[in-house]
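> Build the 3D model from these lines:
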Amino acid sequence: MSQFLTLQGAVAHVDMPLESGPTTFLPYSQRCEENYMLWRREDFKEYYKENKTQQPLEKGDAVFFNPGLIHAAGDNVSFNVDRMANLVQVRPTSAAKATLRATGPERPTQTKLFASKSIE
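Predicted structure coming up:
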(Lines give C-alpha, C1' and ligand atoms only; values in the text may rest on other atoms or scores of the structure.)
Protein backbone atom coordinates (compact mmCIF):
# COMPACT_ATOMS: atom_id res chain seq x y z
CA MET A 1 0.00 0.00 0.00
CA SER A 2 2.83 2.45 0.72
CA GLN A 3 3.84 2.65 -2.95
CA PHE A 4 0.36 4.03 -3.63
CA LEU A 5 0.75 6.68 -0.92
CA THR A 6 4.33 7.81 -1.55
CA LEU A 7 5.92 9.99 -4.20
CA GLN A 8 9.60 9.83 -4.95
CA GLY A 9 11.39 12.57 -6.80
CA ALA A 10 14.41 14.68 -7.54
CA VAL A 11 15.11 18.40 -7.94
CA ALA A 12 17.98 19.29 -10.28
CA HIS A 13 20.61 21.71 -8.96
CA VAL A 14 22.44 21.88 -12.30
CA ASP A 15 21.49 21.40 -15.93
CA MET A 16 21.53 17.68 -16.69
CA PRO A 17 21.59 16.92 -20.41
CA LEU A 18 21.09 13.29 -21.46
CA GLU A 19 24.87 12.80 -21.63
CA SER A 20 25.04 13.43 -17.88
CA GLY A 21 22.72 10.49 -17.14
CA PRO A 22 19.53 11.80 -15.54
CA THR A 23 17.23 9.11 -14.10
CA THR A 24 15.83 6.56 -16.53
CA PHE A 25 12.29 5.18 -16.20
CA LEU A 26 10.35 2.20 -17.54
CA PRO A 27 6.85 3.56 -18.26
CA TYR A 28 3.95 1.79 -16.51
CA SER A 29 6.28 -0.65 -14.72
CA GLN A 30 4.70 0.20 -11.37
CA ARG A 31 1.87 -2.11 -12.52
CA CYS A 32 4.12 -5.13 -12.99
CA GLU A 33 3.54 -7.87 -10.44
CA GLU A 34 7.21 -8.92 -10.19
CA ASN A 35 8.39 -5.31 -10.05
CA TYR A 36 11.25 -5.13 -7.53
CA MET A 37 12.64 -8.56 -8.39
CA LEU A 38 12.99 -8.06 -12.15
CA TRP A 39 16.22 -6.06 -12.16
CA ARG A 40 18.30 -9.20 -11.50
CA ARG A 41 17.10 -11.01 -14.62
CA GLU A 42 19.35 -10.73 -17.70
CA ASP A 43 16.37 -10.81 -20.08
CA PHE A 44 14.77 -7.95 -18.17
CA LYS A 45 17.98 -5.88 -18.21
CA GLU A 46 17.94 -6.06 -22.00
CA TYR A 47 14.22 -5.20 -22.08
CA TYR A 48 14.88 -2.19 -19.82
CA LYS A 49 17.72 -0.93 -22.05
CA GLU A 50 15.46 -1.09 -25.11
CA ASN A 51 12.33 0.43 -23.51
CA LYS A 52 13.46 2.95 -20.89
CA THR A 53 12.77 6.63 -21.23
CA GLN A 54 14.86 9.56 -20.06
CA GLN A 55 14.44 13.33 -20.09
CA PRO A 56 17.08 16.05 -19.80
CA LEU A 57 16.62 18.32 -16.78
CA GLU A 58 17.37 22.00 -16.41
CA LYS A 59 18.48 23.56 -13.15
CA GLY A 60 15.38 23.81 -10.94
CA ASP A 61 13.39 21.11 -12.75
CA ALA A 62 11.69 18.52 -10.57
CA VAL A 63 10.48 15.05 -11.42
CA PHE A 64 8.15 13.05 -9.15
CA PHE A 65 7.07 9.46 -9.68
CA ASN A 66 5.56 6.40 -8.03
CA PRO A 67 8.45 4.62 -6.22
CA GLY A 68 7.18 1.35 -7.70
CA LEU A 69 8.09 2.64 -11.17
CA ILE A 70 11.24 0.81 -12.21
CA HIS A 71 13.96 3.44 -12.48
CA ALA A 72 17.74 3.77 -12.46
CA ALA A 73 20.47 6.33 -12.76
CA GLY A 74 21.61 6.93 -16.31
CA ASP A 75 25.25 6.69 -17.35
CA ASN A 76 27.15 9.98 -17.08
CA VAL A 77 29.25 9.97 -20.24
CA SER A 78 29.83 13.72 -20.21
CA PHE A 79 33.25 15.15 -19.51
CA ASN A 80 32.09 18.36 -17.89
CA VAL A 81 28.85 17.72 -15.97
CA ASP A 82 28.69 16.57 -12.38
CA ARG A 83 25.07 15.64 -11.66
CA MET A 84 23.65 17.22 -8.54
CA ALA A 85 20.08 16.82 -7.32
CA ASN A 86 18.12 16.53 -4.10
CA LEU A 87 16.28 13.23 -3.82
CA VAL A 88 12.97 13.41 -1.99
CA GLN A 89 10.16 11.18 -0.78
CA VAL A 90 6.75 12.60 0.00
CA ARG A 91 4.40 10.63 2.22
CA PRO A 92 0.93 11.62 3.41
CA THR A 93 0.35 12.67 7.00
CA SER A 94 -1.30 10.24 9.40
CA ALA A 95 -4.56 12.19 9.06
CA ALA A 96 -4.54 11.65 5.29
CA LYS A 97 -3.79 7.95 5.79
CA ALA A 98 -6.75 7.63 8.18
CA THR A 99 -9.02 9.25 5.58
CA LEU A 100 -7.77 6.89 2.89
CA ARG A 101 -8.29 3.88 5.14
CA ALA A 102 -11.83 5.04 5.86
CA THR A 103 -12.71 5.64 2.20
CA GLY A 104 -10.32 3.06 0.73
CA PRO A 105 -8.70 3.59 -2.63
CA GLU A 106 -9.44 0.88 -5.16
CA ARG A 107 -6.43 -1.35 -5.66
CA PRO A 108 -5.23 -0.84 -9.24
CA THR A 109 -5.52 -3.76 -11.59
CA GLN A 110 -2.23 -5.63 -11.89
CA THR A 111 -1.02 -5.71 -15.48
CA LYS A 112 1.50 -8.04 -17.01
CA LEU A 113 3.80 -5.72 -18.96
CA PHE A 114 6.33 -8.05 -20.43
CA ALA A 115 4.82 -10.31 -23.04
CA SER A 116 7.92 -11.75 -24.68
CA LYS A 117 8.58 -15.48 -24.30
CA SER A 118 11.93 -14.89 -22.63
CA ILE A 119 10.38 -12.77 -19.86
CA GLU A 120 7.38 -14.91 -18.96
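> need the strands for the chain, in chain order.
Counting by DSSP state E, the segments of the chain that form strands are 7-12, 24-25, 53-54, 62-65, 71-72, 85-90.
> most packed of those?
Burial of those is given as mean neighbour count (mean count of other CB atoms under 10 Å); strand 24-25 ranks first at a mean of 20. (Glycine included, C-beta is placed from N, CA and C.)
> pLDDT of it, averaged?
For strand 24-25, mean pLDDT is 94.
> again with stretch 55-68
Mean predicted confidence for stretch 55-68 is 93.
> Span of it from start to end?
Terminal residues of stretch 55-68 are spaced 19 Å apart (CA to CA, to the nearest Å).
> May I see the buried residues of it?
57, 63, 67-68 (16 or more other CB atoms under 10 Å).
> right, and the strands of the chain - which one's nearest Asn35?
Ranking the strands of the chain by distance to Asn35, with CB to CB as the measure, places strand 71-72 first at 11.1 Å.
> Give the other helices and strands that that closest one contacts.
Judged by 3 or more CB pairs under 8 Å, 6 or more residues apart in numbering; DSSP states H and E, strand 71-72 is in contact with strand 24-25.
> Just checking: what are the partner strands of the strand it packs on?
Take DSSP bridges as the rule and strand 24-25 pairs in its sheet with strand 53-54 (antiparallel), strand 71-72 (antiparallel).
> contact partners of it?
Here strand 24-25 makes contact (CB atoms under 8 Å, 6 or more residues apart in numbering) with 48, 52-54, 65, 69-74.
> again, but for stretch 44-62
Counting by CB under 8 Å, 6+ apart, 9-18, 22-27, 38-39, 63, 70, 72, 74, 85, 114, 116, 119 sit against stretch 44-62.
> Which one of the strands paired with strand 24-25 lies nearest to Arg31?
strand 71-72 (14.2 Å).
> pLDDT below threshold where in this protein?
Across the chain, the ranges flagged by pLDDT under 70 are 1-4, 93-120.
> Let me know whether Arg83 touches Pro22 as I believe.
Yes: counting by CB atoms under 8 Å, Pro22 is a contact partner of Arg83 at 7.3 Å.
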